[in-house]
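>>> quick one: sequence plus predicted model below, questions after.
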Amino acid sequence: MAPIHLMDLSSDRIKEFLDSFDHVFSDCDGVLWTKTPLPGVGSFFDLMKRHGKTVHFVSNNSLRTKENYESMFQAAGIPNGFENLTVPSIAIAEYLKSIKMEKSVYCVTCPETIAVLTSYGFKCEQGPDVGTYYYTDYIQYLSDDEEIGAVVFDSDFKINLPKMYRALTYLQRPEVHYINGATDKYVPLVPGSLALGVGAFADIVSEESKREPVLLGKPGKMLGQLAMQRAGVTDPSRVLFIGDMIEQDVGLGRATGFKTLLVLTNKTKEEMLNHKTLQPDYYADSLGSLIPVLNSK
Ligand SMILES: [Mg+2]
């Protein structure tokens, strides 16, 4: 079915829309804020709560510290945002806990993800952050370390050949767990410009190691399921997932069985309509734009 513009709905249909879900799960970057909070987001979530919805957040961004997230939620006028947030770093830590990982974890990730894993008690290995020009120096990255029990990729803008060599070396042992968090192939850095994300490199490692990663970032279903579990939600069809990215957000919503709302803060209506496989159920210009419509209810 073609995506429905919420602004086009009659008052009765808006009520039907509101009655069709009990929980709102929202992406953060591009939906709540860009560099600064987007207008009206605090009021939007207040309205959702007044309509009896629970409010939770699911972001692929493990790069922010807890303090940074807390100050962003506060600036956006959203109380207890961080307490209700699920990000890949937390999903990875919970997963490693569930499989009782006792060996070291080789992290091709940002320092914030390592901090989260360390806070859960996991031993982390990382680096090197810089390679050399002497190719023979790279031999050291081809020797296995039996102490490594898992290889984790999450946002890492310092990814390089030595890290890929190390990851591929460890992944030759089938018992080594292979986990991907936020491995977006592209990142929205400058509109209209092509910026590769760590996913482009993780894909090479997956292909060369012939290993399928456990995907704990959007659009992986497991992240949606973990967010549900943390929110105490059992029926995915009663969740409205809000996002600004088609592959990650609409993709996660579709994989998990959520209803989806795309805000056109990062994508144009044409990009949305031209997408071959993923269409949201609903769309709107922004969350702030919906306040007059929802206020009338
Ligand atoms: Mg986003």
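Everything's here; your move. Numbering: from 1, shown residues only.
>>> please count neighbours and contacts with C-alpha atoms only from this point.
Will do.
>>> any low-confidence regions in the stretch 151-297 of the chain?
Applying pLDDT under 70 to the stretch 151-297 of the chain picks out residues 297.
>>> what is the burial count for whichever residue of the stretch 151-297 of the chain sits closest to the ion?
Closest approach between the stretch 151-297 of the chain and the ion, counting by C-alpha to the ion: residue 244, at 5.0 Å. Using other C-alpha atoms under 10 Å, residue 244 has 25 other residues around it.
>>> kindly report the same for the one 4 residues further on.
By other C-alpha under 10 Å, the residues close to residue 248 number 20.
>>> could you list the domains of the chain?
4-60+219-295, 89-215 (the TED database).
>>> just the terminal-to-terminal distance for the shortest one.
Right, domain 89-215. Taking C-alpha to C-alpha, to the nearest Å as the measure, domain 89-215 stretches 12 Å from start to finish.
>>> cool, the first one as well?
Taking C-alpha to C-alpha, domain 4-60+219-295 runs 19 Å from one end to the other.
>>> cool, and stretch 119-139?
Stretch 119-139 has its terminal residues 32 Å apart, counting by C-alpha to C-alpha.
>>> which residues are contacting it?
93, 101-108, 114, 117-118, 158-163 (C-alpha atoms under 8 Å, 6 or more residues apart in numbering).
>>> does stretch 208-220 reach the ion?
No: using C-alpha under 5 Å from the ion, stretch 208-220 never reaches the ion; the gap is at least 10.3 Å.
>>> what about the strands in the stretch 101-250 of the chain?
104-108, 124-126, 148-153, 177-180, 214-215, 239-243 (DSSP state E, counting those that start in this stretch).
>>> what about the second one, distance to the chain center?
What that stands for is strand 124-126. Strand 124-126 has its average C-alpha position 22 Å from the chain's average C-alpha position, going by C-alpha atoms, centre = their mean, to the nearest Å.
>>> mind listing what that strand pairs with, with the direction of each?
strand 104-108 (parallel) (DSSP bridges).
>>> residues in contact with the strand it pairs with?
The contact list for strand 104-108, computed with C-alpha under 8 Å, 6+ apart, reads 114, 122-127, 147-156, 159, 163, 167.
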